[in-house]
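Novice: output the structure for:
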Amino acid sequence: MAVIAQILAHFASKHILLSERFIATLLTSIHPPPSTITPALLSTVNTSFLTNPLHTSAAPESFLPANLPQKHNITITGPALVQAIHVEDIGLSRLTQLEALEKAVTEQGPQGLRVVDLPADEGDEERPVANSAGEGIAIGKSMCKVVLEDGNGQRVYAMEVKPIEGIKVGMSLGAKVPHLPLPTDVYPPNHPKLYNLGRLIGELLLMNVPVLRGVLQLRPTNTTLLGGRIAELDDGYFPEKWKSEMKASIADIRRTLQNGAT
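Specialist: Numbering: from 1, shown residues only. The predicted structure follows:
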């Protein structure tokens with residue numbers, strides 16, 4: 001169908017490689033069937049892309065290289081689409097982060113946790129997806145380590161070499177990030193354990209990303225947060241579930257230290 005080809009070409013021009021099946025399935029839910037692309041249609045596709053897991057939307061050409069955790073001293077040329085499924089700030093102690101969270105929640109109060117849905121503008125093609133309830137709570141940031149997943153289900157570690165806008169503890173789960181600096185008029189700036197990997201945090205687009213000992217080296221020049229969230233996975237995680245995780249982790253460390261001292 002000509003419309004599918006036009007949509008794929010439109011997003012490919014932004015280095016976002018979508019699956020033809022994903023577009024075709026989405027178009028079957030639109031009545032009457034569109035005969036040409038419009039800003040409203042592109043907005044619908046963009047919103048669906050940002051609110052669905054990559055395994056349903058990403059084309060194979062956007063997948064990471066196979067067996068990436070075993071690779072060393074290579075560069076992912078991309079464009080590659082990935083989801084951040086877990087974020088950990090390794091530059092701040094867990095106790096410091098917990099104290100910062102409790103202070104922020106106390107200062108913000110219940111009014112700060114409200115989510116306001118703004119009316120949709122059909123002319124706004126790249127309409128942002130609503131944030132999670134805890135998005136407005138800031139606990140500071142140092143350096144983040146991220147677990148990323150591509151559309152093929154491969155999971156890898158990534159590390160911020162330099163801070164990237166939007167990547168932080170408490171970011172919306174299911175957001176998407178491209179490894180590539182995108183035009184600001186399209187996307188404005190706005191031995192560890194792999195735990196809770198069922199959650200999606202965000203989507204990214206990657207390009208020209210170095211890989212050292214299986215770990216992606218992220219910086220603003222090769223990684224951009226596209227946004228989005230998966231509501232059923234994101235709702236209720238930050239701050240309450242995150243706080244429980246941090247307390248459990250601190251308790252594990254204390255038990256280990258106590259056992260080592262006996």
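Novice: would you mind finding the longest helix in this protein?
Specialist: helix 242-261 (DSSP state H).
Novice: where along the stretch 1-150 of the chain do the helices fall?
Specialist: Under the criterion DSSP state H, counting those that start in this stretch, the stretch 1-150 of the chain contains helices at 2-12, 20-28, 39-50, 54-57, 94-108.
Novice: which parts of the first one are buried?
Specialist: Okay, so that is helix 2-12. Buried residues in helix 2-12, counted by 16 or more other CB atoms under 10 Å: V3, I4, I7, L8, H10, F11. (Each C-beta comes from the backbone N, C-alpha and C, glycine too.)
Novice: in terms of secondary structure, what does the longest helix of the chain contact?
Specialist: When contacts are defined as 3 or more CB pairs under 8 Å, 6 or more residues apart in numbering; DSSP states H and E, helix 242-261 packs onto helix 94-108.
Novice: now the helix it packs on: average pLDDT?
Specialist: The average of the pLDDT scores along helix 94-108 is 69.
Novice: if we can go back for a sec, ok, the buried residues of helix 2-12 vs R254, which is closest?
Specialist: F11 (48.6 Å; CB to CB).
Novice: okay, the residue lying closest to the closest one once chain neighbours are set aside: pLDDT?
Specialist: Leaving aside its sequence neighbours, F11 sits nearest to L18 (CB to CB, 6 or more residues apart in numbering; 5.3 Å). Note for L18: predicted pLDDT of 97.
Novice: and the gap between L18 and P65?
Specialist: As for L18, its distance to P65 is 20 Å (criterion: CB to CB, to the nearest Å).
Novice: which of those two has more residues huddled nearby?
Specialist: More crowded of L18 and P65, by other CB atoms under 10 Å: L18, with 26 against 14.
Novice: which parts of the protein are strands?
Specialist: 74-76, 80-89, 144-150, 155-160, 174-178, 201-206, 209-212, 215-218, 223-227 (DSSP state E).
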